[in-house]
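A.B. asks: quick one, what's the 3D model for this:
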Amino acid sequence: MSRIDEARKRLARAVARLEQARHAQTDRLAEMKEALNVEPGAGPDAGDIGDLIRALEEAQRENAALVAERDAVADQVDAILGNVRRAAGINDNERAGSGP
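C.D. replies: Next up is the predicted model:
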């Protein structure tokens, strides 16, 4: 298996993990929104609010981790494309159409 094929598989797995995490986070946010929907005049108690704050902070940390992973995957893609271009003898100027 070529390095490009291996890189494609790694990237596909990373994208699948990101997509799965995004779906999980969407579900968690829906649960949080539902928890906020209370009857008029029957506001949440301090414990509910504290739980919600902790859940939102955790979701924020998870989101930051997802962004970092997405950026790492983008960096890997850039590196692979750079290697492929160099192997093909294509430099950035030729690719941009401005000549060698």
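
A.B. asks: quick one, what contacts the residue most central in space within the chain?
C.D. replies: Nearest residue to the geometric centre of the chain (Cα atoms, centre = their mean): residue 66, 3.9 Å. Shown in contact with residue 66 (Cβ atoms under 8 Å, 6 or more residues apart in numbering): 18, 21, 22, 25. All C-beta spots, glycine's among them, are computed from the backbone N, C-alpha and C.

A.B. asks: the first one touches residue 67, doesn't it?
C.D. replies: No: look at residue 18 against residue 67 with Cβ atoms under 8 Å: they stay out of range, at 9.7 Å.

A.B. asks: can you tell me which of the contacts of residue 66 are in helices?
C.D. replies: Judged by DSSP state H, those include 18, 21, 22, 25 as members of helices.

A.B. asks: and for the first one, the neighbour number?
C.D. replies: Close neighbours of residue 18, defined as other Cβ atoms under 10 Å, add up to 15.

A.B. asks: tell me the contacts of it?
C.D. replies: So residue 18 contacts 66, 69, 70, 73 (Cβ under 8 Å, 6+ apart).

A.B. asks: now for the protein, the helix or strand with the poorest mean pLDDT.
C.D. replies: Comparing helices and strands within the chain by mean pLDDT, DSSP states H and E singles out helix 92-96 as the least confident, with a mean of 53.

A.B. asks: over to residue 89: give its phi and psi.
C.D. replies: Dihedral pair for residue 89: phi 80, psi 20, per degrees, to the nearest 10.

A.B. asks: any idea how far it is from residue 75?
C.D. replies: 23 Å (Cβ to Cβ, to the nearest Å).

A.B. asks: who wins for most neighbours among the contacts of residue 18?
C.D. replies: residue 73 (17 neighbours).

A.B. asks: surely that one and residue 8 touch.
C.D. replies: No: contact criterion Cβ under 8 Å: residue 73 and residue 8 do not qualify, at 11.8 Å.

A.B. asks: how close does residue 77 sit to residue 61?
C.D. replies: Counting by Cβ to Cβ, the gap from residue 77 to residue 61 is 25 Å.

A.B. asks: of the two, who's got more company?
C.D. replies: Between residue 77 and residue 61, residue 77 has the larger neighbour count (other Cβ under 10 Å), namely 14 against 10.

A.B. asks: fine, thanks again, bye for now.
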